[in-house]
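> Everything below, folded, please.
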Amino acid sequence: QVQLVESGGGLVQAGGSLRLSCAASRRTSSWHAMGWFRQAPGNGREFVAVIRWSGGSTYYADSVKGRFTISRDNAQNTVYLQMNTLKPEDTAIYYCAGVWAIRGTFELVRAQAYDYWGQGTQVTVSS
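Alright, predicted model coming up:
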């Protein structure tokens, strides 16, 4: 059973920073890519960022580009999401996800492309 466990969420003021972590129970170099999504109350699951394990290429949603950075640590089997200059509209539950098979970028922005999901971690940004 593969498990992804997120941590690092919390309450922060607007303009502040948080770093989310996603620890995988399976060797992360086995994944083609790992991504972060978020879901605010009443909304669907929204793509945030993705990183391909081979080569480390990244892709971001326009809403977070320049503020968020996704990275990986192969030795720790962990993916990170560094979130800076946080805004109230970033408030959501953040989920990490992993996919085995090779996918194009246009697929990786969709939740349906991913095989495994974490349980989520709450991020709340106060104004």
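> from here on, contacts and neighbour counts on C-alpha atoms
OK.
> What residues are bridge-paired with the residue nearest to Thr91 when sequence neighbours are not counted?
Leaving aside its sequence neighbours, Thr91 sits nearest to Thr124 (C-alpha to C-alpha, 6 or more residues apart in numbering; 4.6 Å). Beta-bridge partners for Thr124, by DSSP bridges, are Leu11.
> contacting residues for the residue nearest to the spatial centre of the chain?
Among the residues of the chain, Trp36 comes closest to the average C-alpha position under C-alpha atoms, centre = their mean, at 2.0 Å. Neighbouring residues of Trp36 by C-alpha atoms under 8 Å, 6 or more residues apart in numbering: 47-50, 81, 94-97.
> Poorly predicted segments of this protein, please.
The model of the chain has pLDDT under 70 over residues 28-29.
> Tell me where it has helices.
Along the chain, the stretches classed as helices by DSSP state H are 105-108.
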